[in-house]
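Engineer: this is the structure alone, sequence omitted:
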């Protein structure tokens with residue numbers, strides 16, 4: 001007869017789970033043995049640290065829509081899962097965490113590696129958290145944990161004590177009191193608002209003459225419906241960062257990302273609109289939305305608790321984005337005045353000219369914006385992109401143009417460092433025939449990215465398309481925080497906290513058998529990207545970028561300018577180059593000297609001459 005561990009794995013297979021990310025330990029020996037027994041039906045991916053297992057489970061769920069599963073041993077293994085699980089919870093992503101525990105006979109005795117896992121997981125897995133205490137409990141607990149994670153798009157957790165893993169399974173609990181029966185399978189339903197509420201929403205939207213849309217990750221999979229609604233309303237559309245791939249950027253009325261990492265075109269649109277339609281987004285920064293009273297608002301979200309909490313929208317519709325937009329579409333009047341969209345297109349063109357001009361500013365040694373200008377021209381159509389928390393994400397958010405079929409994600413709500421590399425590795429397991437790029441910095445690479453390259457080295461030959469590219473911005477500085485200290489707090493850079501030791505990332509990649517390319521001249525960027533994107537194995541592209549290129553927000557406030565000035569006056573060690581580069585960036589914003597499309601042809605000419 002099968003053990004409880006084998007039953008747990010078989011039940012996950014019945015739910016359609018194909019892969020579990022984790023790290024072994026004696027607290028989960030029974031589960032590891034069961035995975036070995038079922039290795040022809042389910043993969044176990046050994047990572048370098050349990051946090052990475054949780055990141056990969058989260059990324060799997062984000063990119064596929066399926067349940068992500070991670071596994072950690074008792075005590076320290078379970079603790080290590082926590083950060084990645086909060087990443088999943090904050091981004092409303094279905095992940096099941098399975099953790100070992102001390103034997104039931106030892107629980108409560110301060111036994112080796114015994115930790116109160118209910119206290120540890122009670123917040124992150126608040127939807128469903130249970131410790132198995134009987135073999136007859138396993139079926140119901142697994143079914144409820146999986147169904148809860150999928151239906152509520154959140155984290156659930158299952159704790160399996162060490163001794164229980166080895167007991168005989170009870171596949172069919174008795175038909176008696178104190179037992180529960182359950183089944184596998186879940187058909188996620190459509191949520192469509194009531195007709196009367198859709199009518200109220202249409203009334204607001206039809207009355208507007210300058211409609212702005214803001215979409216997020218909840219709109220992924222509703223591309224055609226969002227385009228149809230925008231076309232009827234002659235609306236412009238900005239994207240929250242997690243929704244960057246929800247609409248292609250080749251539409252002239254799509255203004256790109258919004259917020260601190262957003263475009264000036266998105267900011268201008270929000271400042272000028274008279275109506276706001278928010279779909280599938282929980283974008284938190286009110287200062288980047290219209291001022292209260294400026295615009296009437298409608299919001300659509302699958303989670304009713306998130307409606308009307310970021311902007312005082314007057315019609316709040318609970319519904320799945322695709323279905324709610326389809327139901328709303330026939331009620332909208334076709335607007336014929338194109339002047340608003342023409343204004344948006346001009347604003348976008350100007351913003352792109354500013355970006356092209358700023359990217360052309362000479363860096364010491366390389367301007368980090370230029371890295372993404374060159375990448376943008378070479379992105380394959382089916383690329384999967386992941387980004388970390390840091391300045392590289394700022395530049396990629398502004399410069400990379402999403403096309404139909406591309407995928408993009410990062411740690412959104414938690415904004416944790418160290419997620420880009422494990423996200424990209426998980427993407428390769430889910431889509432082994434597609435190339436992937438992890439966009440990261442030296443801080444995140446030193447935190448955990450370097451170790452996870454070992455995981456890629458272990459598994460990459462399984463992928464039909466071996467291209468996994470890790471871009472590392474090497475500026476020897478925790479640059480995002482350095483700039484936040486200057487702009488938000490008026491505090492100069494503190495080298496003891498901000499300076500990073502240098503590390504030979506490209507050389508390390510070569511030690512692992514990867515392609516490793518190191519760039520310290522802007523004129524080599526194009527060729528470097530082409531080399532790593534055409535490699536027959538994973539590759540690391542290390543670029544020495546200038547840490548003093550300023551991350552200017554779309555609109556610099558008086559408070560930000562004053563804080564920056566204070567930081568410089570107080571003795572920032574990089575004051576001179578920082579001021580010089582900031583002045584160049586401001587001038588580029590006022591007097592752009594490059595056209596984005598002309599910049600492309602100029603670079604192509606340079607390439608042909610080389």
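Structural biologist: Great, that's in hand. Being a predicted model, the structure only gives us computed values, none of them experimental.

Engineer: average model confidence for stretch 295-312?
Structural biologist: Average pLDDT, stretch 295-312: 96.

Engineer: sorry, that was for stretch 434-451
Structural biologist: 98.

Engineer: gap between the two ends of it?
Structural biologist: 23 Å (Cα to Cα, to the nearest Å).

Engineer: can I see the domain layout of this protein?
Structural biologist: By the record's domain assignment, the chain is partitioned as 4-165, 195-345, 360-609 (automatic domain parsing).

Engineer: which one of those lies nearest to residue 187?
Structural biologist: Nearest of these to residue 187, taken as Cβ to Cβ: domain 4-165 at 10.2 Å. C-beta here means a position set from N, CA and C on the backbone, and glycine is covered the same way.

Engineer: pull the distance from the closest one to the chain's centre.
Structural biologist: Relative to its chain's centre, domain 4-165 lies at 22 Å (Cα atoms, centre = their mean, to the nearest Å).

Engineer: export the domains of the chain to JSON lines and tack on mean neighbour count and distance to residue 184?
Structural biologist: Below are those laid out as JSON lines (neighbours: other Cβ atoms under 10 Å; distance: least, Cβ to Cβ, whole Å):
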{"stretch": "domain 4-165", "mean neighbour count": "22", "distance to residue 184": "5"}
{"stretch": "domain 195-345", "mean neighbour count": "21", "distance to residue 184": "23"}
{"stretch": "domain 360-609", "mean neighbour count": "20", "distance to residue 184": "21"}
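
Engineer: mean pLDDT for the ones you listed: which is lowest?
Structural biologist: Among the domains of the chain, domain 360-609 carries the lowest mean pLDDT (a mean of 92).

Engineer: can I get the domains of the chain in CSV with distance to residue 183?
Structural biologist: Converted to CSV, the domains of the chain look like this (distance: least, Cβ to Cβ, whole Å):
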stretch, distance to residue 183
domain 4-165, 7
domain 195-345, 24
domain 360-609, 26
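
Engineer: ok so residue 409 is a strand residue?
Structural biologist: Yes. Secondary structure of residue 409 (DSSP: H, G, I helix; E, B strand; the rest coil): part of a strand.

Engineer: so what's it closest to, chain neighbours aside?
Structural biologist: Distance criterion Cβ to Cβ, 6 or more residues apart in numbering; nearest residue to residue 409, sequence neighbours excluded, is residue 62 at 4.8 Å.

Engineer: residue 538 now?
Structural biologist: residue 468 (4.2 Å).

Engineer: chain center to the longest helix seen in the chain, what's the gap?
Structural biologist: Secondary structure of the chain per DSSP state H: the longest helix is helix 339-359. Distance of helix 339-359 from its chain centroid, counting by Cα atoms, centre = their mean, is 26 Å.

Engineer: give me the helices and strands touching it, please.
Structural biologist: Helix 339-359 is packed against strand 236-239, strand 254-257, helix 264-272, helix 368-376, helix 391-399, helix 575-590, helix 596-609, with contacts defined by 3 or more Cβ pairs under 8 Å, 6 or more residues apart in numbering; DSSP states H and E.

Engineer: would JSON lines of these with distance to residue 87 be doable?
Structural biologist: Shown next, in JSON lines, are the helices and strands packed on helix 339-359 (distance: least, Cβ to Cβ, whole Å):
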{"stretch": "strand 236-239", "distance to residue 87": "20"}
{"stretch": "strand 254-257", "distance to residue 87": "19"}
{"stretch": "helix 264-272", "distance to residue 87": "25"}
{"stretch": "helix 368-376", "distance to residue 87": "24"}
{"stretch": "helix 391-399", "distance to residue 87": "15"}
{"stretch": "helix 575-590", "distance to residue 87": "32"}
{"stretch": "helix 596-609", "distance to residue 87": "34"}
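
Engineer: closest one to residue 329 among the ones you listed?
Structural biologist: strand 236-239 (15.2 Å).

Engineer: the closest one pairs with which strands, and in what direction?
Structural biologist: strand 211-215 (parallel), strand 254-257 (parallel) (DSSP bridges).

Engineer: can you redo these as CSV with distance to residue 506?
Structural biologist: Below are these laid out as CSV (distance: least, Cβ to Cβ, whole Å):
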stretch, distance to residue 506
strand 211-215, 37
strand 254-257, 29
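
Engineer: quick one, which of those strands is nearest to residue 388?
Structural biologist: Taking those one by one with Cβ to Cβ, strand 254-257 is closest: 15.7 Å.

Engineer: contacts for that closest one, please.
Structural biologist: 236-241, 244, 247-249, 262-263, 265-266, 269, 344, 347-348, 351, 397-398 (Cβ atoms under 8 Å, 6 or more residues apart in numbering).

Engineer: same question for stretch 512-522.
Structural biologist: With Cβ under 8 Å, 6+ apart, stretch 512-522 has contacts from 362-363, 365-367, 370, 453-454, 456-457, 504-510, 525, 528, 531-532, 535, 537-544.

Engineer: and the residue nearest the centre of the chain, what does it touch?
Structural biologist: Residue closest to the average C-alpha location in the chain (Cα atoms, centre = their mean): residue 410, at 1.8 Å. Counting by Cβ under 8 Å, 6+ apart, residue 410 touches 241, 242, 386, 387, 388, 389, 393, 419, 420, 423.
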